[in-house]
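Participant: With the input below, show me the fold.
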Amino acid sequence: MTAKVKLDHAHARELLRGMIRIRRFEEKCYELYTQEKIRGFLHLYDGEEAVAVGVAVALETRDRVVSTYREHGHAIARGMSMESALAELYGKATGCAGGRGGSMHMFDAETNLYGGNAIVGGGLPLAVGLGLGDKLQGQDRITVCFFGDGALAEGAFHESMNLAALWKLPILFLLENNLYAMGSAVSRVQANTDFATRAATYGMPAESVDGNDVVAVEAATRRIVEAIRGGGGPQFLECRTYRTRPHSMFDAEKYRDKAEVAEWRKRSPITRFQTWLLDNGLMHQEEVDAIEAEIAAQLRNAVAACEQAPLEPVEDLARHVVSEVRPAPPEPATPGPLIDSTYRECCRQALIDALLRDQKVFMMGEDIGAYGGCYAVSMGLLSEFGADRIRDTPLAEIGFTGAGIGAALAGMRPIVEIMTVNFSLLALDQILNSAATIRHMSGGHFGVPLVIRMATGAGRQLAAQHSHSLENYFAHIPGLRVVAPATLEDARGMLWTALQDPDPVILFEHVMLYNMVGTLPENAGAVDIDHAAIRRKGRDVTLVSYSYSVWKAMEAAEALAKDGIEAEVIDLRSLRPLDDETIMGSVRRTRRAVIVDEGWRSGSIASEIAARIQESCFWHLDAPVGRVCSAEVPVPYPKHLEQAALPQVADIVAAVKALPGIGQ
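Facilitator: This next block holds a predicted model:
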């Protein structure tokens with residue numbers, strides 16, 4: 001199938017004008033940077049204009065674009081106004097993302113631009129998720145994912161290509177091979193520079209084209225887009241081009257010869273196309289001059305507007321970290337008859353309810369389908385809901401977590417299961433740099449309504465690499481909500497509430513709780529995840545904990561009661577945000593506090609809570625705040641050493657009895 005470009009006068013003018021607009025915009029940005037009107041990193045698109053323009057004219061307005069940190073050209077080619085783009089670089093409130101993203105993070109819902117990305121290859125998994133979301137919803141959309149040659153060395157590239165091909169997603173992977181990843185020449189860092197062949201090994205059509213020939217880029221893109229719309233699955237297009245500016249404005253450019261740059265300038269896509277048009281009488285110099293004059297006027301107006309545009313007020317600093325509109329906490333239902341259950345079964349039933357309630361909910365993760373999940377939580381769900389909604393993934397945490405984020409951006413309600421908390425470190429880039437930041441960087445254009453479930457904790461002799469309690473890592477990150485169900489009711493209801501949240505929620509399930517048995521109302525439903533719960537009333541000391549350690553604190557409280565010490569036990573439930581009101585209210589009554597945390601003491605959640613208590617309740621305290629945490633060693637394999645390393649009931653009792661004045 002050969003797609004043809006109808007190169008009549010109007011279209012030729014559109015292509016040339018599009019490339020000149022990008023070039024003149026970038027030249028103005030260079031000038032403004034030297035005047036310190038634009039700061040931070042600035043990556044200019046000079047020399048690559050044919051790629052952005054050739055691709056953009058082959059797309060529909062409804063199609064989505066995921067970009068890189070060199071995205072000015074993509075944004076302008078997609079239809080973003082110069083004023084909106086330039087104001088973003090100025091950091092002004094009138095910028096496309098309200099000035100919050102800057103040069104490397106341009107977002108625009110109106111043009112379906114899902115952001116530049118400062119992380120090399122970071123946009124690839126998001127594109128997979130956008131494509132997956134569109135496929136699951138039957139949308140006739142294509143996602144184009146731009147990335148540079150440096151991304152081909154990243155794991156995100158390989159994981160994303162595999163997922164897209166596996167699921168036959170409507171994605172065009174667009175490699176802008178400009179021969180240099182920052183200062184690393186492709187020839188110096190890639191063992192195989194035949195990138196199209198490499199991409200083809202993932203089972204998708206792949207080809208290369210001269211990226212400095214705007215007509216060739218458009219023709220290839222039109223043909224590929226037609227094939228993808230026809231159900232052909234993902235395709236890969238390499239556009240061989242060259243950036244004629246430094247990597248960024250900080251780049252001294254010592255890694256390549258000036259003669260090489262000069263030679264490539266002669267092959268500039270604008271020079272080539274404009275010369276060809278003039279030589280063949282398809283345009284006249286007067287028309288080119290008129291285009292230049294029009295663009296110069298637009299730039300003058302854009303600069304003038306940006307100079308006068310307001311900055312976002314400091315009072316709005318905390319805007320767009322999480323959604324300003326959140327659903328009201330659920331009203332508790334009148335409890336029905338009690339039934340026997342387990343923590344595992346409550347987690348499983350929560351998943352079933354979610355899948356039945358909302359067709360946009362689906363699950364994704366390693367071995368959750370045919371295997372039934374590492375902890376058997378999703379056992380049987382594949383046969384009940386099918387492979388589209390119980391989606392087994394490869395061992396690719398970056399890829400499938402990023403895909404979950406992208407699917408949430410596309411309107412789905414994904415539940416991503418990361419098998420165990422230590423594996424989440426492989427996905428931390430996507431969680432930290434995308435899920436937690438997109439709302440902020442996009443100035444509120446986009447939110448990520450995603451739930452990530454993972455098992456956490458120690459106690460099963462799984463040794464150092466499978467016994468982590470890393471909740472503090474995630475509770476540290478603005479933009480996330482972090483919850484940890486300790487009871488059967490919370491295991492049953494927290495997922496329900498989390499799926500109503502407009503922001504990403506991390507849900508931790510402790511491995512030692514799955515077999516816990518108990519009773520709960522048959523009609524148990526959504527629970528309030530905003531507030532801590534007082535699990536036991538007391539007057540002498542407040543025990544603050546979460547997850548499995550709540551039950552150790554409860555047992556310690558019973559032991560203390562035999563000695564006349566009445567401990568109040570608080571189950572945090574939410575680790576971000578913390579319910580300071582409940583914690584501080586209890587401490588002001590009891591005047592003492594001990595925090596129980598299975599994480600390591602240094603930098604722990606216990607450390608944060610202790611600091612907050614000191615700040616808020618110092619004059620109410622009759623004793624220093626105590627902490628009972630894991631020993632600062634990798635969790636050992638032998639049972640007796642594992643137990644010695646973890647907080648135990650006796651440790652909690654001893655910590656309370658060591659407080660000055662306790663029991664007197």
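Participant: so where's the chain shaky on pLDDT?
Facilitator: Low-confidence segments of the chain, defined by pLDDT under 70, span residues 1-3, 664.
Participant: Could you list the domains of it?
Facilitator: The chain is divided into the following domains under automatic domain parsing: 9-308, 338-521, 534-657.
Participant: could the ones you listed go into CSV alongside mean neighbour count and distance to residue 322?
Facilitator: The way it works is simple: take the backbone N, C-alpha and C, and place the C-beta from them, glycine included. Below are those laid out as CSV (neighbours: other Cβ atoms under 10 Å; distance: least, Cβ to Cβ, whole Å):
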stretch, mean neighbour count, distance to residue 322
domain 9-308, 20, 14
domain 338-521, 21, 5
domain 534-657, 19, 9
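Participant: Out of these, the one nearest residue 528 is which?
Facilitator: domain 338-521 (7.0 Å; Cβ to Cβ).
Participant: for the closest one, the distance to its chain's centre please.
Facilitator: Per Cα atoms, centre = their mean, to the nearest Å, the displacement of domain 338-521 from the mean C-alpha position of its chain is 14 Å.
Participant: Please report the distance of residue 222 from residue 527.
Facilitator: In this structure, residue 222 and residue 527 are separated by 52 Å, where distance is defined by Cβ to Cβ, to the nearest Å.
Participant: now residue 393
Facilitator: Taking Cβ to Cβ as the criterion, residue 393 is separated from residue 527 by 29 Å.
Participant: and residue 190, what does it touch?
Facilitator: When the contact criterion is Cβ atoms under 8 Å, 6 or more residues apart in numbering, the partners of residue 190 are 149, 152-153.
Participant: Of those, which belong to helices?
Facilitator: With helices identified by DSSP state H, none of the entries of the contacts of residue 190 belong to them.
Participant: would you list the residues you listed in JSON lines and tack on distance to residue 441?
Facilitator: Below are the contacts of residue 190 laid out as JSON lines (distance: Cβ to Cβ, whole Å):
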{"residue": "149", "distance to residue 441": "24"}
{"residue": "152", "distance to residue 441": "25"}
{"residue": "153", "distance to residue 441": "25"}
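Participant: who touches residue 28 in this structure?
Facilitator: Contact partners of residue 28, counting by Cβ under 8 Å, 6+ apart, are 86, 299, 303.
Participant: Would you mind confirming that the second one makes contact with residue 81?
Facilitator: So that's residue 299. No. Residue 299 is not in contact with residue 81 according to Cβ atoms under 8 Å; the separation is 11.3 Å.
Participant: distance of the nearest residue to residue 141 once chain neighbours are set aside from residue 406?
Facilitator: Taking Cβ to Cβ, 6 or more residues apart in numbering, and ignoring the residues beside it in sequence, residue 141 has residue 134 as its nearest neighbour in space, at 4.6 Å. Counting by Cβ to Cβ, the separation of residue 134 from residue 406 is 10 Å.
Participant: picking up where we left off before, from the contacts of residue 28, which is closest to residue 484?
Facilitator: Scanning these for proximity to residue 484, where the rule is Cβ to Cβ, the winner is residue 86, at 44.8 Å.
Participant: Check the secondary structure at the closest one for me.
Facilitator: Three-state assignment for residue 86 (DSSP: H, G, I helix; E, B strand; the rest coil): helix.
Participant: Residue 165 against residue 204, yeah?
Facilitator: Yes. Taking contact to mean Cβ under 8 Å, the distance of 4.9 Å between residue 165 and residue 204 places them in contact.
Participant: Now the common contact residues for those two.
Facilitator: Listed as contacting both residue 165 and residue 204 by Cβ under 8 Å, 6+ apart are 233-234.
Participant: quick one: contacts for the closest residue to residue 358 other than its chain neighbours?
Facilitator: Excluding its sequence neighbours, the residue lying closest to residue 358 (Cβ to Cβ, 6+ apart) is residue 413, at 5.9 Å. The neighbourhood of residue 413, defined by Cβ under 8 Å, 6+ apart, consists of 354, 358, 360-362, 449-451, 499.
Participant: Need phi/psi at residue 413.
Facilitator: Listed backbone geometry of residue 413 is phi -120, psi 80, with angles given as degrees, to the nearest 10.
Participant: mind checking which helix or strand residue 575 is in?
Facilitator: Remark: residue 575 resides in strand 574-576, with elements defined by DSSP states H and E.
Participant: Quick check: neighbours of that strand in the sheet, parallel or antiparallel?
Facilitator: Looking at strand 574-576 with DSSP bridges, its partner strands are strand 481-483 (antiparallel).
Participant: Now do the helix or strand just after the partner strand: everything it contacts.
Facilitator: Moving toward the C-terminus from strand 481-483, the first helix or strand encountered (DSSP H and E) is helix 488-498. For helix 488-498, the surrounding residues in contact (Cβ under 8 Å, 6+ apart) are 329-330, 341-343, 346-347, 349-351, 353-354, 415, 451, 453, 481, 483, 485, 505, 507, 509, 513, 516, 518-521, 524-529, 573.
Participant: about what we covered before: now, which of the contacts of residue 413 lie within helices?
Facilitator: With helices identified by DSSP H, the entries of the contacts of residue 413 that belong to them are residue 354.
Participant: how about the contacts of residue 413 in CSV, adding distance to residue 255?
Facilitator: Compiled in CSV, those are given as follows (distance: Cβ to Cβ, whole Å):
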residue, distance to residue 255
354, 52
358, 52
360, 48
361, 49
362, 45
449, 43
450, 39
451, 44
499, 49
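Participant: And the helix ranked longest in the chain, how far out from the chain middle?
Facilitator: Identified as the longest helix of the chain according to DSSP H is helix 9-34. Relative to the mean C-alpha coordinate of its chain, helix 9-34 is positioned 32 Å out (Cα atoms, centre = their mean).
Participant: And stretch 618-632, by the same measure?
Facilitator: For stretch 618-632, the distance to the chain centre is 35 Å (Cα atoms, centre = their mean).
Participant: What lies in contact with it?
Facilitator: Under the contact criterion Cβ under 8 Å, 6+ apart, stretch 618-632 has outside partners 458, 469, 587-588, 591-602, 604, 606-607, 610, 613-614, 644-647, 651-652, 655-656, 658-662.
Participant: same question, stretch 544-552
Facilitator: 456-457, 459, 471, 484-487, 508, 510, 512-513, 516, 535, 553, 569-573, 575, 583, 593-598, 605, 609, 647-649, 652.
Participant: Just the terminal-to-terminal distance for it.
Facilitator: Using Cα to Cα, to the nearest Å, one end of stretch 544-552 lies 11 Å from the other.
Participant: what do you get for stretch 129-145?
Facilitator: Using Cα to Cα, first and last residues of stretch 129-145 are 11 Å apart.
Participant: Off-centre distance for it?
Facilitator: Averaged over its C-alpha atoms, stretch 129-145 has a centre that lies 17 Å from its chain's centre (Cα atoms, centre = their mean).
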